[in-house]
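> give me coordinates for this.
(one chain, ligands or ions: 1)
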Amino acid sequence: MMAGQEQHRRRVVLFPLPFQGHISPMLHLGALLHARGLAVTVLHTGFNAPDPARHPELGFVPIHEAFPAEVTSPGADIARQLLALNAASEGPFREALASLLRLRGGGGHQADVACAVVDGQCYAALRAAAQLGVPVLALRTDSAATFRSLLAYPRLLDAGYVPVTEERLDEPVPDLEPLRTRDLIRIDGSDADALRRLLARVAGAVLASASGVVFNTSEGIEAPELAAIRRELSRPAFAVGPLHLLSRAPAEQTLRAPDRGCLAWLDARPPRSVLYVSLGSVAAVSRAAFEETAWGLAGSGVTFLWVVRPGSVTGAGDEAPPPLPDGFSEETRGRGKVVAWAPQREVLAHAAIGAFWTHCGWNSTLESVCEGVPMLVQPCFADQMANARYVTHKWGVGMEVGEVIERGRVAEAVAKLMVGEDGARMRERARHLQMQATAATSSAMDSLVQYILSL
Ligand code: UDP
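Model prediction:
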């Protein structure tokens, strides 16, 4: 690209939420927009900043925020963390965007900034962009089904489905099947009032400020949910996923360095013989659940690759991975590998992987679906329960590990999925779902670019 050509591209300004599961899809979207002729500037926080060297085609501008400890401390109450993050990033985001408009416009014109794309959780930045007169789209990094449940939240509150109560946990939620009350967005043990405020602001900002919504999902797996959203929102909704497949970006921008040694270890294993175990970048379990997981894996007799991330056991600190139980490494020697962070997409694409024990973060779910890998689900909070429900009851490509993590049940569930007949059926369906999910063409992205250019 010549410098002169770059100058004539219309510009899109991106603002990701600074967490792993949100940065990746936003940067994939940026790469795709750039490949279609748009210039892309990523405004980002200094906290969990992306690495500009990994995306030389995109411009990166820090917003110089000052986050309180409530935002940056690992293990923070997530609803309160997101409220505080929004409050503390609104001003710096507004200033950074305004100075970009001055810089680019040369004399007050905003002509070359076509629009902003802001993470859907960043309601304050969505509002700020709209107030500056910049058309803004919300990027949802979760499923269309989850966004539907968010739009339904006021109705569900009125009808008493939320806040979720013990007595109503198994009630199906009308119009959101196959979700039950227990699958709706919740964060156990956190401030329920803060969560209510957060969800209301997130939904409210889309309705008040966004000119459209972009989803990291595909029509192939969520067509009815997307159709319902389009009816309810009466503004454009683009399903441009699976972004990680379409963007062809060389590698994920991960905030931790992956242990690539596990790929060579996988090379030496037979096809479909290894269970990959990972609960993503945020979830933490109790020490008791961690130990039951370890001994369940040991008792299953199955070969496994387990991501034990610093901070993944509550109260164990986040400097180093939590220690494995005494005797575990000896017991599983030769058929288990433990790493602090894996190159997950490459792992899931590896022929040796037979199944994925996942917390069902949307990125992990989509990555597994796109490789045709069946899942053992252990959802922890937020949208993970809804994703898990779709995996087990809508798509039939996975099974629950059990509400209580207990070694005997773990060993049984692992063996059932890896070597049992149920597992074989799920693997077959997973291959079918993979075809549906990956059949997505670039036409949704083309429509999105046309829409951006029309704004
Ligand atoms: N991931 C990874 N290595 C790991 C664990 C996770 O690269 O060892 C990546 C994974 O591929 C996914 C992201 O981290 O893209 C996690 O996002 P997800 O939405 O699944 O869960 P979250 O971390 O937001 O709970």
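
> pretty sure Pro172 contacts Pro178?
Yes: using Cβ atoms under 8 Å, Pro172 is in contact with Pro178, at 7.5 Å. To be clear about C-beta, it is placed using only N, CA and C from the backbone, and glycine gets the same treatment.

> which elements pack onto whatever helix or strand Val42 lives in?
Here Val42 sits within strand 39-44, counting by DSSP states H and E. For strand 39-44, the packing partners by 3 or more Cβ pairs under 8 Å, 6 or more residues apart in numbering; DSSP states H and E come out as strand 11-15, helix 20-35, strand 59-62, helix 78-105.

> figure out which of those is closest to the ligand.
Evaluated over these, closeness to the ligand peaks at helix 20-35, with 2.5 Å, by Cβ to the nearest ligand atom.

> pairing partners for the strand holding Val42, with directions?
Applying DSSP bridges to the sheet, strand 39-44 is found paired with strand 11-15 (parallel), strand 59-62 (parallel).

> where along the stretch 351-455 of the chain do the helices fall?
362-370, 384-389, 407-419, 421-438, 443-454 (DSSP state H, counting those that start in this stretch).

> nearest to the ligand, of the ones you listed?
helix 362-370 (3.1 Å).

> contacts for the closest one, please.
Contact with helix 362-370 is made by 21, 24-25, 141-143, 146, 216-217, 221, 241-242, 244-245, 278, 280, 344-345, 348, 356, 358, 374-375, 383, 387, 390-391, 395, 397, 430, 433-434, 437-438, as judged by Cβ atoms under 8 Å, 6 or more residues apart in numbering.

> state the number of residues packed around Gly280.
The tally of other residues near Gly280 (other Cβ atoms under 10 Å) stands at 20.

> got the contact list for the spatially closest residue to it that is not a sequence neighbour?
Nearest non-adjacent residue to Gly280, counting by Cβ to Cβ, 6 or more residues apart in numbering: Gly361, 4.3 Å away. Shown in contact with Gly361 (Cβ under 8 Å, 6+ apart): Gly21, Gly280, Ser281, Val282, Ala283, Gln384, Asn387.

> equivalent analysis for Pro321, please.
By Cβ under 8 Å, 6+ apart, the neighbours of Pro321 are Val308, Arg309, Pro310, Ser312, Val338, Ala340.

> how many neighbours does the last one have?
This means Ala340. The burial count for Ala340: 15, using other Cβ under 10 Å.

> let's verify the closest residue to it other than its chain neighbours: helix, strand, or coil?
For Ala340, ignoring the flanking residues on the chain, the nearest one in space by Cβ to Cβ, 6+ apart is Pro321 at 5.0 Å. What DSSP: H, G, I helix; E, B strand; the rest coil gives for Pro321 is coil.

> how about Pro321, phi and psi?
Dihedral angles of Pro321 (phi, psi; degrees, to the nearest 10) stand at phi -60, psi 150.

> retrieve the pLDDT associated with it.
With respect to pLDDT, Pro321 scores 94.

> what's the answer for Met2, then?
Looking at Met2, the pLDDT reads 46.

> who does Val277 form a beta bridge with?
With DSSP bridges as the rule, Val277 is bridged to Trp306, Trp357.

> quick revisit: which of the helices and strands packed on strand 39-44 is buried the deepest?
Mean neighbour count (mean count of other Cβ atoms under 10 Å) peaks for strand 11-15 among the helices and strands packed on strand 39-44, with a mean of 24.

> can I get the CA coordinates of that strand in PDB?
Extracted in PDB, the C-alpha atoms of strand 11-15 (Å, rounded to 0.1, in the frame of the first residue of the first chain):
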ATOM      1  CA  ARG A  11     -11.300   5.200   8.100                       C
ATOM      2  CA  VAL A  12     -12.900   3.000  10.700                       C
ATOM      3  CA  VAL A  13     -12.100   3.600  14.400                       C
ATOM      4  CA  LEU A  14     -12.200   0.500  16.600                       C
ATOM      5  CA  PHE A  15     -12.400   0.300  20.400                       C
END
